[in-house]
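>>> Predicted structure and sequence below. I'll ask about it afterward.
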Amino acid sequence: MPASGSTSQTEYNHDLLSRIPSPSRRLWVGLWIILSIFVAFAFYAVHEVRWLEDFQVNVVQRNRKASLQLLRLQNDAYALAISLREMTEAALQDVWRATDNVFAVADAAREADARRIIQSEAEAKRAVISEIVARLLVLNDQAQVQAGERINLVYGNVKRNILLVIAALSLFALATGLYTLQANRKTFQRLRHLAEKLQTQSEQLRKLSWKLIDVQEETLRQVARDLHDEFGQVLTAIGAMLGRAGRKVPDSESPFLQELQAGKQIVEQTLQNVRDRSQMFRPAILDDFGLEQTLESFAGQFARQAGIQVHFEGKLREGFFPPEDAIHVYRIVQEALNNIARHSGAREAWVSLTEQQGDLKLEIRDSGGGFEAGAETSSSRGTGLMGMRERAEHLGGSLEIESSPGRGTLIKALIPLRKSTSSDARLTSVAGRRS
């Protein structure tokens, strides 16, 4: 009954968990969208950078051509100025030579005036050339300024676009993060609610299972008492009556006497079967002599019936473990030895009952074939093993199973020793050990 309840609860829990929507798909979609935006932005940035590189190369080439042209103009202007100066000097020499010849007696002041007139004409030519060069320099400077403004404009647009994309991505990431947090919070709230619900249901099932175990043991105790007291007495009386009737038959070879003796044997055999069944349901010596002697007696009886040599070792203080708790330890040993007889193929088994730091330590070991880890849930032994674990937890303890193919099986149970026998106290002890 406990094993079936645990299996149904596990399937129910799995069904409830499968109903909770997973946010993984939405998170993947958001991640792919962000990656796509980043890839598109990367292509856009690469395109803009390439365009800027080409534009800068063109500007540099134009500036280089303009500088070369300006240099040529400056060279031409310089050569022209030199030529004009040479021409002016030559003309002045000719003029003054002619003037010296014609105006031998010319006044020195008139000669100075003539020189100033010629120099003013040369300076006018030089000023025209300088103005042309200055205009070219101004135009080149304006071209460079315009190119710089264009470059600054392009860089400004790129920076603005980058900032816009980053802002958009940041807002999208923020929105996605907030949505994810909200979805996760709702999911965790559902999981927390589900966990609380499952814990409550599990606790209710555990209490119900333990109550059923107590009811089952009480029923078995009553059945054992009825078998021993009522059927045992009736069969004993019938056997006695058949014995008295047989002694009244004078002829020892009488067929009637043989029938009476056969009937008495059947009654005695039936009485023994009833006593065995009564002991199996509820061993009477458990209430009279305690757990250790009960297990020792059962080990000997099991060895005779199953043909398996059982070594029992008990070191338990007498009377310290109450019968209402001891019956569960007895059931654990009973189920373990029955599993050994049915499944292990062992010829020997060991049962150890000792005290360890205020706890009852129970170990059942066999020399059989063992089984794979986890196989107890998928074989016929699974129900018995789960029932053993339920009984150990019912007493506030724990039960572990160690087994491997070819190395036998070891069952270890650790149960607290106490004199309290009420179900409420036991549940309180279990809750304290679990927390």
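Happy to help now that I have it.
>>> Burial check on Arg282, number of neighbours?
By the measure other C-beta atoms under 10 Å, the count of residues near Arg282 is 22. Yep, even glycine has a C-beta here, placed from its N, CA and C like the rest.
>>> swap that for Phe371, sorry
Phe371, neighbours per other C-beta under 10 Å, totals 19.
>>> Name all residues that make contact with the residue lying closest to it once chain neighbours are set aside.
Distance criterion C-beta to C-beta, 6 or more residues apart in numbering; nearest residue to Phe371, sequence neighbours excluded, is Ser403 at 5.3 Å. Residues in contact with Ser403, defined by C-beta atoms under 8 Å, 6 or more residues apart in numbering, are Gly370, Phe371, Glu372, Ala373, Thr409, Leu410.
>>> give me the element the residue nearest to the third one when sequence neighbours are not counted is part of.
Distances taken as C-beta to C-beta, 6+ apart place Pro405 nearest to Glu372, at 6.4 Å, with adjacent residues excluded. In this structure, Pro405 sits in neither a helix nor a strand according to DSSP states H and E.
>>> Mind pulling the model confidence for Pro405?
We have a pLDDT of 85 for Pro405.
>>> can you check the one 3 residues further on too?
pLDDT recorded at Gly408 is 86.
>>> And for Ala114?
55.
>>> where along the chain do the helices fall?
Along the chain, counting by DSSP state H, helices occupy 2-18, 24-102, 108-226, 232-247, 255-281, 284-289, 291-306, 323-339, 382-394, 423-434.
>>> closest to Gln204 among the contacts of Ser403?
Comparing the contacts of Ser403 against Gln204 with C-beta to C-beta places Ala373 closest, at 30.5 Å.
>>> before we move on, the earlier item: who touches the residue nearest to Glu372 in this structure?
Pro405 is in contact with Gly369, Gly370, Phe371, Glu372, counting by C-beta under 8 Å, 6+ apart.
>>> Among those, which has the minimum pLDDT value?
Across these, the smallest pLDDT goes to Glu372, namely 74.
>>> circling back to that earlier point, can you add distance to Ala245 and give the contacts of Pro405 back as TSV?
Shown next, in TSV, are the contacts of Pro405 (distance: C-beta to C-beta, whole Å):
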residue	distance to Ala245
Gly369	54
Gly370	56
Phe371	56
Glu372	61
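>>> ChimeraX command to pick out the buried ones of those?
Selecting only the buried entries of these in ChimeraX, with 16 or more other C-beta atoms under 10 Å as the criterion:
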select :369,370,371
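>>> which one of the contacts of Pro405 sits closest to Val29?
Distances from Val29 to the contacts of Pro405, taken by C-beta to C-beta, are shortest for Glu372, at 42.7 Å.
>>> Pull the contacting residues for that closest one.
Glu372 neighbours (C-beta under 8 Å, 6+ apart): Ser403, Ser404, Pro405.
>>> Quick one: these as JSON lines, columns for distance to Phe289 too.
Listed next are the contacts of Glu372 as JSON lines, based on distance: C-beta to C-beta, whole Å:
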{"residue": "Ser403", "distance to Phe289": "32"}
{"residue": "Ser404", "distance to Phe289": "37"}
{"residue": "Pro405", "distance to Phe289": "39"}
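>>> Low-confidence stretches in the stretch 201-350 of the chain?
318-320 (pLDDT under 70).
>>> Roughly how far does Leu174 sit from Lys159?
22 Å (C-beta to C-beta, to the nearest Å).
>>> okay, the contacts of Ser403 in TSV with distance to Phe281 next?
What follows is these, written out as TSV (distance: C-beta to C-beta, whole Å):
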residue	distance to Phe281
Gly370	31
Phe371	29
Glu372	34
Ala373	34
Thr409	26
Leu410	28
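>>> Quick check: the two most widely separated of these?
Glu372 and Leu410 (14.8 Å).
>>> that older thread, and which of the contacts of Ser403 is nearest Ala240?
Thr409 (47.0 Å).
>>> Let me know whether that closest one touches Leu385 as I believe.
No. With contacts counted by C-beta atoms under 8 Å, Thr409 stays clear of Leu385, the gap being 9.8 Å.
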